[in-house]
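Participant: Could you look at this predicted model? Sequence included:
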Amino acid sequence: MGWWRQLISGHRPLQDPRPLSEFEVTLMLIADPEQLTVHFVRKLHELAGIEEAVVYLANRKRSAETFSRIDCGGSVEDLPATLSLSGRTMQWFCTNQEFLPLDRDEEVVDYLRGELEPFLRRSVNLACPLVAMDRLVGAVFLRIPQTALDIGDLAKLKALFRQAGVAFENALLLEERLHQNERMLRAEQLATIGQFAAGMAHELRNPLTAIRSTVQFLVCDFANGSEQQRLAEGLLGEVDRLDQIVGSLVALARPVDNSPQHVQVTEEILACVSFVETRGKSQGITFKTDLQDGIRKASCNSAELRQVLLNVIVNAFQAMPEGGTLSIKASESDSDPSRILIEVADEGVGIATDLRHRVFEPFFTTKPGGTGLGLAICGNIIRRYNGEIWIDQAEGGGTAVRIALPASTSISEEGT
């Protein structure tokens with residue numbers, strides 16, 4: 001324990017136990033993870049003289065595969081926005097559940113250096129896990145003054161982190177429950193929209209067919225290149241667009257046989273890439289795939305998975321009109337072997353944080369001329385197979401669409 005005396009901190013000793021007990025009570029009264037983070041960081045400054053604290057919390061509502069940086073003010077843009085659960089740092093915390101002094105434990109730091117380098121550049125000298133019930137809830141990276149800390153103060157600092165781990169676990173569980181309630185409400189809304197859409201589609205398709213047939217007949221009577229022909233062809237295009245919207249409404253409302261197949265995800269991804277590769281190259285888009293070898297089959301429908309992937313890929317094309325790199329990844333979940341993870345990431349302008357949860361709502365769109373039905377249908381498909389689909393910021397600043405699907409449940413099923 002000798003190195004602790006040289007590592008940290010210039011704060012006044014924590015002689016009085018009351019601040020910690022008061023802190024514990026306050027933690028249990030805060031239910032929002034972001035507000036809890038702000039309060040936690042403020043108390044670290046007050047009680048332990050911390051110069052800087054950067055907090056990462058689990059995205060449990062999104063398959064718990066990433067830990068997102070929580071904004072507490074200050075300039076931290078040079079630090080990663082997320083840390084992966086499968087990365088070395090988080091795996092080390094999962095295994096050891098101990099504080100890690102970054103300027104003393106050279107062997108471990110060298111092993112983790114690839115991920116820790118941005119923190120080391122900011123003179124962060126202590127990394128601490130947030131743990132509750134032997135589960136990693138988050139991690140905190142601290143910069144602490146290089147003066148003495150006695151063993152008693154160290155014990156109190158660890159106690160503070162134990163309290164915080166439980167509080168963050170409770171807050172994240174509540175957030176997860178609210179997320180589940182939100183999904184149930186969305187399912188009810190989709191059912192209502194579906195009933196309305198089915199009736200509207202039936203009423204609209206018949207007159208649309210009659211209009212299209214009549215306009216096609218009239219076009220033949222107009223001189224080539226005339227204004228009348230141009231207007232008639234434009235009308236045909238609008239009729240086709242309306243028919244496409246009606247088709248999307250029908251797809252949103254269509255009752256389906258929810259009998260999953262055992263789908264080789266990598267084959268579907270490669271098939272989709274081959275479909276759109278020519279179009280992508282003409283637009284200056286480069287494809288980059290990272291597909292895990294020997295990945296298990298997913299429990300879903302191959303045609304519907306391909307529909308989802310093509311929709312997401314085309315959206316990525318539209319987000320990169322000047323070209324760029326489209327990255328597609330597929331792997332088994334490190335934390336949950338029963339889940340297959342797919343990521344499609346572009347280098348476009350991205351989607352604002354406050355809009356990401358809305359892109360799967362019917363009729364919501366950020367694109368001029370968009371119907372707002374494509375991603376709503378994708379969300380409907382994925383959720384039908386007990387999967388998840390969500391939006392994050394890609395590493396390059398664009399949009400990353402992430403999909404989690406259940407893996408086939410047995411070897412015999414995977415072979416079918």
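Facilitator: Cool, the structure landed. Residues are numbered from 1 along each chain as shown.

Participant: Gln307 reaches Leu375, doesn't it?
Facilitator: No: using CB atoms under 8 Å as the test, Gln307 is too far from Leu375 to be in contact (11.7 Å). Using the backbone N, CA and C atoms, a C-beta is placed for each residue, glycine as well.

Participant: More neighbours: which of those two?
Facilitator: Leu375 (23 against 17; other CB atoms under 10 Å).

Participant: And this structure, what are its domain boundaries?
Facilitator: The chain breaks down into these domains under automatic domain parsing: 2-178, 259-416.

Participant: Below-threshold pLDDT in the stretch 251-400 of the chain: ranges please.
Facilitator: 251-258, 335, 368-371 (pLDDT under 70).

Participant: just to revisit the earlier point, which among the domains of the chain is found nearest to Glu233?
Facilitator: domain 259-416 (18.0 Å; CB to CB).

Participant: show me where this protein has strands.
Facilitator: In the chain, the strands defined using DSSP state E lie at 52-58, 66-69, 82-84, 100-101, 126-132, 135-143, 261-263, 285-291, 298-300, 324-332, 339-345, 388-393, 399-406.

Participant: between the ones you listed, which gets nearest to Asp110?
Facilitator: strand 100-101 (12.4 Å).

Participant: returning to what we had before: kindly reformat the domains of the chain as a markdown table containing distance to Glu238.
Facilitator: Formatted as a markdown table, those follow (distance: least, CB to CB, whole Å):
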| stretch | distance to Glu238 |
| --- | --- |
| domain 2-178 | 39 |
| domain 259-416 | 12 |
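
Participant: Between these, which one is closest to Val239.
Facilitator: domain 259-416 (15.0 Å).

Participant: ok so, going back, Glu188 is nearest to which of the domains of the chain?
Facilitator: It's domain 259-416; of the domains of the chain, that one is closest to Glu188 (CB to CB) at 12.8 Å.

Participant: Between strand 135-143 and the lengthiest helix in the chain, find me the angle.
Facilitator: Ranked by residue count, the top helix of the chain under DSSP state H comes out as helix 151-219. Orientation note: helix 151-219 sits at an angle of 110 degrees relative to strand 135-143 (axes from the mean of the first three to the mean of the last three CA atoms, to 10 degrees).

Participant: for helix 151-219, packing partners?
Facilitator: helix 18-29, helix 33-48, strand 52-58, strand 126-132, strand 135-143, helix 227-253, helix 374-384 (3 or more CB pairs under 8 Å, 6 or more residues apart in numbering; DSSP states H and E).

Participant: which one of these has the lowest average pLDDT?
Facilitator: Among those, helix 18-29 carries the lowest mean pLDDT, a mean of 61.

Participant: what's the distance between Ile144 and Ala53?
Facilitator: 9 Å (CB to CB, to the nearest Å).

Participant: average pLDDT across the longest helix of the chain?
Facilitator: 76.

Participant: Next: stretch 115-122.
Facilitator: 91.

Participant: List the buried residues for that stretch?
Facilitator: Across stretch 115-122, burial judged by 16 or more other CB atoms under 10 Å covers 115-116, 119.

Participant: Now do stretch 90-106: distance from first to last residue.
Facilitator: 17 Å (CA to CA, to the nearest Å).

Participant: Could I get the buried residue list for that stretch?
Facilitator: Quick answer for stretch 90-106 (16+ other CB under 10 Å): 90, 92-94, 99-102, 105.

Participant: Among those residues, name the ones in helices.
Facilitator: Among the buried residues of stretch 90-106, the members falling in helices (DSSP H) are 90, 92-94.

Participant: and which of those is nearest to Gln318?
Facilitator: Met90 (33.9 Å).

Participant: wait, doesn't that closest one sit right on Leu136?
Facilitator: Yes: using CB under 8 Å, Met90 makes contact with Leu136 at a distance of 6.6 Å.

Participant: quick one: common contacting residues for those two?
Facilitator: Common contacts of Met90 and Leu136 (CB atoms under 8 Å, 6 or more residues apart in numbering): none found.

Participant: OK, contacts around the nearest residue to Arg212 once chain neighbours are set aside?
Facilitator: Among residues not flanking Arg212 along the chain, Val239 sits closest, at 4.8 Å (CB to CB, 6 or more residues apart in numbering). Shown in contact with Val239 (CB under 8 Å, 6+ apart): 208, 211-212, 215.

Participant: follow-up on the earlier one: helix 33-48 and the longest helix of the chain, what's the angle between them?
Facilitator: Going by the same axes, to 10 degrees, helix 151-219 makes 160 degrees with helix 33-48.

Participant: thinking again about what came up before, and which of the ones in helices among the buried residues of stretch 90-106 is nearest to Leu29?
Facilitator: Phe93 (26.9 Å).

Participant: burial of the residue lying closest to that closest one once chain neighbours are set aside, as a residue count?
Facilitator: Excluding its sequence neighbours, the residue lying closest to Phe93 (CB to CB, 6+ apart) is Pro129, at 4.1 Å. Pro129 has 21 neighbours, counted by other CB under 10 Å.

Participant: How about Asp110?
Facilitator: Asp110: 10 neighbours (other CB under 10 Å).

Participant: Against Arg88, how distant is it?
Facilitator: On the measure of CB to CB, Asp110 and Arg88 end up 11 Å apart.
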